[in-house]
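Colleague: Here is my input; please provide its structure:
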Amino acid sequence: MCYFVSVCGVAGRAALAMAVSVVWQGGWMIWTAPDVCRPVGSLAAPEPELLRGLLDWHRATLLYKCAGLTGEQLATAPIAASNLSLLGLIRHLSKVERVWFRERFAGEAVPRLYSTPQRPDADFEDVDGDQAEAAYVALLAGQETARAVAARASLDDSVTDADGDEISLRFIHVHMIGEYARHNGHADFVRQCLDGVTGA
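Modeller: Numbering: from 1, shown residues only. Have a look, this model is predicted:
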């Protein structure tokens, strides 16, 4: 069954994630990351639609790289001398979605996810396979909230954040596309090292 990331509402996504991604292993029910159908959009759309669509494609690509893996596999860092795991990437991108759309653009006073000033890399370091499903659903919720924030504004809208930086919504979309693209490249390597699966 295919998991339509760009179509379902967040509640539907969470329910579908739990409904279609359970397998039996040794008599136990084991959650696995569900299959993902990445959205397809116009390559010549107006800029707002193009940027939103490309960001959603990269969001779905990270989840696509996780499909079929158990929490234990998602939490595994298979590359020597690296702490990168797919679960760490899921947690990191949840944090980044919140920072850019909710904290910096919308000015919401929301707690920072996973990391602290004392431990800035805790999103990568404190991974626990038993928490993979919750982290996966949290990323979906964070993406949905970010879309809602973006839908209320124009790409030309800008804000001055708590650091005194002027930031436009256009910049945030471009930055987030680059953020996901970079980490999707990491996800390619991690997934191939885990079970040999390759692909764009």
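
Colleague: In terms of helices and strands, where is His173?
Modeller: Taking DSSP states H and E as the criterion, His173 maps to helix 169-195.

Colleague: should've said Val149
Modeller: For Val149, the host element (DSSP H and E) is helix 132-151.

Colleague: what's the next secondary structure element after that helix?
Modeller: strand 158-160.

Colleague: and the nearest residue to Leu86 once chain neighbours are set aside, how many residues sit next to it?
Modeller: Spatial nearest neighbour of Leu86, excluding adjacent residues (Cβ to Cβ, 6 or more residues apart in numbering): Leu74 at 4.6 Å. In this view, the C-beta of every residue, glycine as well, is placed from N, C-alpha and C. Close neighbours of Leu74, defined as other Cβ atoms under 10 Å, add up to 27.

Colleague: So, low pLDDT: which residues of this protein?
Modeller: The chain contains residues with pLDDT under 70 at 1-27.

Colleague: now with 50?
Modeller: 1-20 (pLDDT under 50).

Colleague: What are the boundaries of the strands in it?
Modeller: Here the chain has its strands, by DSSP state E, at 22-25, 28-31, 158-160, 166-168.

Colleague: Save the ones you listed as JSON lines, and put in mean neighbour count too.
Modeller: Converted to JSON lines, those look like this (neighbours: other Cβ atoms under 10 Å):
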{"stretch": "strand 22-25", "mean neighbour count": "10"}
{"stretch": "strand 28-31", "mean neighbour count": "12"}
{"stretch": "strand 158-160", "mean neighbour count": "14"}
{"stretch": "strand 166-168", "mean neighbour count": "14"}
